[in-house]
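Visitor: what follows is a protein structure lacking sequence information:
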Ligand code: SF4
Ligand code: SF4
Ligand code: SF4
């Protein structure tokens, strides 16, 4: 009885949770929300993710880069949020995310077109990443000739780029004698 | 490698999805829960105990913790199944009456979580026994755990569905416009904001700064921008943001004016914003 009196004096602390949504505080680390429109497929998040919840795989047959997050494995550390250049993935306040029977329901996949190297026609990067870097390049305040010179290198895979750099160097050297 | 554990046939026969659903329908008003810690770091267990506290009070829904798996309707498992906890987990599973409902709580239980490739553990409850309810999180918030029970009992519906985006049109979230007609200025502001305030608050700072700069008629008109920034700093309620906005203006912006040959070091002093 004493407890009841005490309880009457203090107010009810139990939350009406499943009926009334729970209000989380500012800075709550909830489910990382993925925005496909903003993602470049750069893979920085996959490298940063300590539990490998995010993977970015090359699907050569279909010419796609497959970005995938598995919330089953996510530990809500926010490293993906920290490294993402475009805020395509950022921690939200969402905490409602249980699933019944099928754990695939806890995955989000984004497929992005891959780009071929102009020289050796191997896939090396996503279209989006190429376009993004190009847009950054043309807005960095250089003159047209410099931009063209720099943009040329964008269209080749790292291997071809290296080869070209060496060839250029050798050519210059031989010209100089 | 073959399966680590094959569920015996008699148990399989009693544990079809239909039977489980019918059972969940039956136990809607009161369900007995047995908890197995299969090698968790204890974070998840603490959150489960937080759920049982009066703040969340799952006994409203009929939740009852029992001391033996033989009395349990739902087996709540946490942890990534270490080698030593594998047999206790299997024994608890086999000891439960049919049909057995298994909930995996935490990233470890769902898939192995942060320990998924560590030595000495098997990576997730569902690499051994069939799991029905997945409660992700590391550790899951009490609200998430409670929501899991409510979901299993059919009180609320499942919110998440498997999502696949595959309509790539090559568009990118950057159109090449920039405040000072040079995106490197934004880059410098962003880098400085992040190093001043970290990635969460730094991003807010960056948005505050760039949002104000965009309202300026001429972003390279130093007297206008200084007035604008002074106003912004005086309006800012949080002193941390005010101070960092000041630093952005005094250091990064002034440096850029210098670099763009608009103003050198000489006339600079009158446009610096002083701290409070
Ligand atoms: S929050 Fe951490 S664990 Fe989760 S996806 Fe991002 S980096 Fe990975
Ligand atoms: S870091 Fe951001 S842009 Fe890059 S792949 Fe991850 S989500 Fe996409
Ligand atoms: S999910 Fe996280 S909190 Fe839970 S047992 Fe694993 S490491 Fe610990």
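Guide: Here it is on my side, so go on. As the structure is a computational prediction, the values presented were derived from the model and not from experiment. Ligands and ions are numbered 1, 2, ... in the order given.

Visitor: could you find the closest non-adjacent residue to the residue in the stretch 151-276 of chain B that ligand 2 sits nearest to?
Guide: Residue of the stretch 151-276 of chain B nearest ligand 2, by Cβ to the nearest ligand atom: residue B:173 (8.8 Å). C-beta here means a position set from N, CA and C on the backbone, and glycine is covered the same way. Excluding its sequence neighbours, the residue lying closest to residue B:173 (Cβ to Cβ, 6 or more residues apart in numbering or on different chains) is residue A:38, at 4.4 Å.

Visitor: so the one you found touches residue A:86, yeah?
Guide: Yes - Residue A:38 lies in contact with residue A:86 (Cβ atoms under 8 Å); the separation is 4.7 Å.

Visitor: which neighbours do the two share?
Guide: Common neighbours of residue A:38 and residue A:86, counting by Cβ atoms under 8 Å, 6 or more residues apart in numbering or on different chains, are residue B:173.

Visitor: low-confidence ranges, chain B, go.
Guide: Within chain B, the segments meeting pLDDT under 70 span B:1-3, B:263-266, B:276.

Visitor: can we see that at 80?
Guide: B:1-5, B:168-181, B:216-222, B:258-276 (pLDDT under 80).

Visitor: how about the residues of it near ligand 3?
Guide: Counting by Cβ under 6 Å from any ligand atom, chain B comes close to ligand 3 at B:40-41, B:43-44, B:78-79, B:106-108, B:113-114, B:138-139.

Visitor: now, the most widely separated pair of those?
Guide: B:78 and B:114 (13.5 Å; Cβ to Cβ).

Visitor: the more surrounded of these two?
Guide: Using other Cβ atoms under 10 Å in any protein chain shown as the criterion, residue B:78 and residue B:114 rank with residue B:78 on top: 27 against 19.

Visitor: stretch B:95-110 and ligand 1 in contact?
Guide: No - for stretch B:95-110, no contact with ligand 1 is found by Cβ under 6 Å from any ligand atom; the gap never falls below 8.0 Å.

Visitor: list the buried residues for that stretch?
Guide: B:96, B:99-110 (16 or more other Cβ atoms under 10 Å in any protein chain shown).

Visitor: could I get the residues of chain B next to ligand 3 as CSV with secondary structure?
Guide: Putting those into CSV (DSSP: H, G, I helix; E, B strand; the rest coil) gives the following:
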residue, secondary structure
B:40, coil
B:41, coil
B:43, helix
B:44, helix
B:78, strand
B:79, coil
B:106, helix
B:107, helix
B:108, helix
B:113, helix
B:114, helix
B:138, coil
B:139, coil
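
Visitor: which one of these sits closest to residue B:226?
Guide: Of the residues of chain B next to ligand 3, the one sitting nearest to residue B:226 (Cβ to Cβ) turns out to be residue B:138, at 46.6 Å.

Visitor: isn't residue B:97 up against residue B:70?
Guide: Yes - Residue B:97 is in contact with residue B:70 according to Cβ under 8 Å; the separation is 6.8 Å.

Visitor: who's in contact with stretch A:110-127?
Guide: With contacts defined as Cβ under 8 Å, 6+ apart, stretch A:110-127 is touched by A:34, A:36, A:39-42, A:58-60, A:62-68, A:128-130, A:155-160, A:164, B:164-166, B:168, B:170.

Visitor: in that stretch, what's buried?
Guide: Applying a neighbour-count criterion of 16+ other Cβ under 10 Å, one finds A:110, A:111, A:112, A:113, A:114, A:115, A:117, A:123, A:124, A:125, A:126, A:127 buried in stretch A:110-127.

Visitor: and the top helix by length along chain A, what's buried?
Guide: For chain A, the helix with the greatest residue count under DSSP state H is helix A:158-176. Neighbour counts over helix A:158-176 (16+ other Cβ under 10 Å) mark A:160, A:161 as buried.

Visitor: is residue B:162 in contact with residue A:104, as I believe?
Guide: Yes - Residue B:162 lies in contact with residue A:104 (Cβ under 8 Å); the separation is 5.0 Å.

Visitor: any residues of chain A in contact with ligand 3? List them.
Guide: Counting by Cβ under 6 Å from any ligand atom, chain A has no residue next to ligand 3.

Visitor: for chain A, what spans make up the helices?
Guide: A:2-9, A:44-48, A:79-83, A:127-138, A:144-154, A:158-176.

Visitor: and the ones you listed, which one's lowest on average pLDDT?
Guide: Sorting the helices of chain A by mean pLDDT places helix A:2-9 lowest, at a mean of 77.

Visitor: who in the stretch 151-276 of chain B is up against chain A?
Guide: Contact residues, the stretch 151-276 of chain B versus chain A (Cβ under 8 Å from any Cβ of the partner chain): B:151-152, B:155-156, B:158-166, B:168, B:170-178, B:181-184, B:199-200, B:203.

Visitor: rerun that using 6 Å as the cut-off
Guide: Residues of the stretch 151-276 of chain B lying close to chain A by Cβ under 6 Å from any Cβ of the partner chain are B:151, B:155-156, B:158-166, B:168, B:170, B:172-174, B:176, B:178, B:182-184, B:199.

Visitor: can you check which strand is longest in chain A?
Guide: In chain A, taking DSSP state E as the definition, the longest strand is strand A:107-116.

Visitor: returning to what we had before: filter the contacts of stretch A:110-127 down to the ones in strands?
Guide: A:34, A:58, A:59, A:64, A:65, A:66, A:67, A:68, B:164, B:165.

Visitor: among the residues you listed, which ones are buried?
Guide: Listed as buried from these are A:34, A:58, A:64, A:65, A:66, A:67, A:68, B:165; burial here means 16+ other Cβ under 10 Å.

Visitor: tally up the residues packed near the one residue in the stretch 151-276 of chain B that gets nearest to ligand 3, please.
Guide: Nearest to ligand 3, among the residues of the stretch 151-276 of chain B, is residue B:160, at 18.0 Å (Cβ to the nearest ligand atom). By the criterion of other Cβ under 10 Å, residue B:160 has 18 neighbours.
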